[in-house]
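Asks: structural data only, the sequence is not supplied:
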């Protein structure tokens, strides 16, 4: 189904300021190079402003510092946020009709809410609760006593172990594992005695977890992903980690056990974080950083091992100069040795 709107309707929906013909009709959203007649595009990065003169889009979403163009404009505070709001309008998510497949295996003690969609091949354990509007795609495993909150979507092969709690409007992409055992062994390297992991995982409302991410259950208590957290693909979250509200974790990050991450924290791809430390609210960890100690709130750290981001940049600036610096150092060392030899010779002559 194609959705069509006038520019006036789009501007009113976004609360933006329309400059141009409000009767023009648009049906698609495309990148600035591909957009043509009937399309919306946007400029969220200043380096694309020069393309405002060449794009064939019917309208461009722009920031308030752009007020003139031969194209129709909708001026909004943040074009990227406006794009995020428009995409579901023009491309609404296709939902399967609410139905429970007879090819799913559902324990008779499980509670299944209204308007739930359960595809073939799903397993729901005893006394699990699946709330209203939940979608479980093929291959999903729901362990005993799990609760899945209203309107959550679990894509194929998601696995939620026993007693874990999934909030409302949570999205778990394919292959996510919630609640497997944490990596806990006593006398490591000697007996490797398994420490039973008897806690749970709690994922609060409006979180989204990327494909093949794993979140270990608490050894005791819980591993806690708080409201609004977004986690990318292939992230490992250790046992008893707590991730604060609205934090962002990018792909291939590893977070060791019992580490606390504050609210609004951003962690770049492939960063590694040791256990039992605290990353403060609104801190930022650059990609590939090795974090071995606490990060104060609002600080930015980079490098392996971590250092303040500005120090990291200065260090990196020196790297290409190291070969020349090494040559200079060798020359200076040789001159020092010659001076020392000369001084020693003069001393002997005086004696």
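Replies: All right, it came through fine. Worth saying up front: this structure is predicted, and the values here are computed from it rather than measured. Numbering: from 1, shown residues only.
Asks: please make it C-alpha for all contacts and neighbour counts, starting now.
Replies: Fine.
Asks: what about residue 264, how many residues nearby?
Replies: 21 (other C-alpha atoms under 10 Å).
Asks: what's it in contact with, if anything?
Replies: Going by C-alpha atoms under 8 Å, 6 or more residues apart in numbering, residue 264 touches 244-248, 281-283.
Asks: now do the phi/psi pair for it.
Replies: The phi/psi pair for residue 264 (degrees, to the nearest 10) reads phi 70, psi 20.
Asks: same check on residue 322?
Replies: phi -60, psi -40.
Asks: just the strands in the stretch 251-351 of the chain please.
Replies: 254-255, 260-261, 266-267, 272-273, 278-279, 284-285, 290-291, 300-302, 307-308 (DSSP state E, counting those that start in this stretch).
Asks: list the buried residues for stretch 114-130?
Replies: Using 16 or more other C-alpha atoms under 10 Å as the burial criterion, the residues of stretch 114-130 that qualify are 115-130.
Asks: same question for stretch 274-293.
Replies: 274-292.
Asks: how far does that stretch stretch from one end to the other?
Replies: 8 Å (C-alpha to C-alpha, to the nearest Å).
Asks: same deal with stretch 45-62?
Replies: Terminal-residue distance, stretch 45-62 (C-alpha to C-alpha): 10 Å.
Asks: show me what counts as buried in that stretch.
Replies: Within stretch 45-62, judged by 16+ other C-alpha under 10 Å, the buried ones are 52, 55-62.
Asks: could these be laid out in TSV, adding pLDDT, secondary structure and distance to residue 99?
Replies: Shown next, in TSV, are the buried residues of stretch 45-62 (pLDDT from 0 to 100; DSSP: H, G, I helix; E, B strand; the rest coil; distance: C-alpha to C-alpha, whole Å):
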residue	pLDDT	secondary structure	distance to residue 99
52	91	helix	47
55	94	coil	45
56	95	coil	44
57	95	coil	41
58	96	coil	41
59	96	strand	41
60	95	strand	41
61	95	strand	40
62	95	strand	43
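Asks: now, which of these sits nearest residue 298?
Replies: residue 62 (29.3 Å; C-alpha to C-alpha).
Asks: excluding chain neighbours, give the residue nearest to the closest one in space.
Replies: residue 75 (5.0 Å; C-alpha to C-alpha, 6 or more residues apart in numbering).
Asks: phi, psi of the one you found?
Replies: phi -90, psi 120.
Asks: I figured it was touching residue 14, is that so?
Replies: No: contact criterion C-alpha atoms under 8 Å: residue 75 and residue 14 do not qualify, at 9.4 Å.
Asks: tell me which of those two has more neighbours.
Replies: Neighbour count, other C-alpha under 10 Å: between residue 75 and residue 14, residue 75 has more, with 23 against 19.
Asks: gap between that one and residue 69?
Replies: When residue 75 is compared with residue 69 (using C-alpha to C-alpha), they lie 12 Å apart.
Asks: same question, residue 97
Replies: Separation of residue 97 from residue 69 (C-alpha to C-alpha): 45 Å.
Asks: next one: residue 53
Replies: Relative to residue 69, and taking C-alpha to C-alpha, residue 53 is found at 7 Å.
Asks: do the same with residue 121
Replies: For residue 121 relative to residue 69 (C-alpha to C-alpha), the value is 55 Å.
Asks: residue 172 now?
Replies: For residue 172 relative to residue 69 (C-alpha to C-alpha), the value is 42 Å.
Asks: quick one, which of those two is more surrounded?
Replies: residue 172 (28 against 12).
Asks: show me where the stretch 1-150 of the chain has its helices.
Replies: With DSSP state H, counting those that start in this stretch as the criterion, the stretch 1-150 of the chain has helices at 7-14, 79-90.
Asks: I'd like a version of these in a markdown table, one that adds distance to residue 191 as further columns.
Replies: A markdown table is the format used below for the helices of the stretch 1-150 of the chain (distance: least, C-alpha to C-alpha, whole Å):
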| stretch | distance to residue 191 |
| --- | --- |
| helix 7-14 | 61 |
| helix 79-90 | 52 |
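Asks: residue 255: which of the ones you listed is closest?
Replies: Closest among the helices of the stretch 1-150 of the chain, using C-alpha to C-alpha: helix 79-90, at 28.9 Å.
Asks: quick one, that closest one and helix 7-14 angle?
Replies: Interaxial angle, helix 79-90 versus helix 7-14 (axes from the mean of the first three to the mean of the last three C-alpha atoms, to 10 degrees): 110 degrees.
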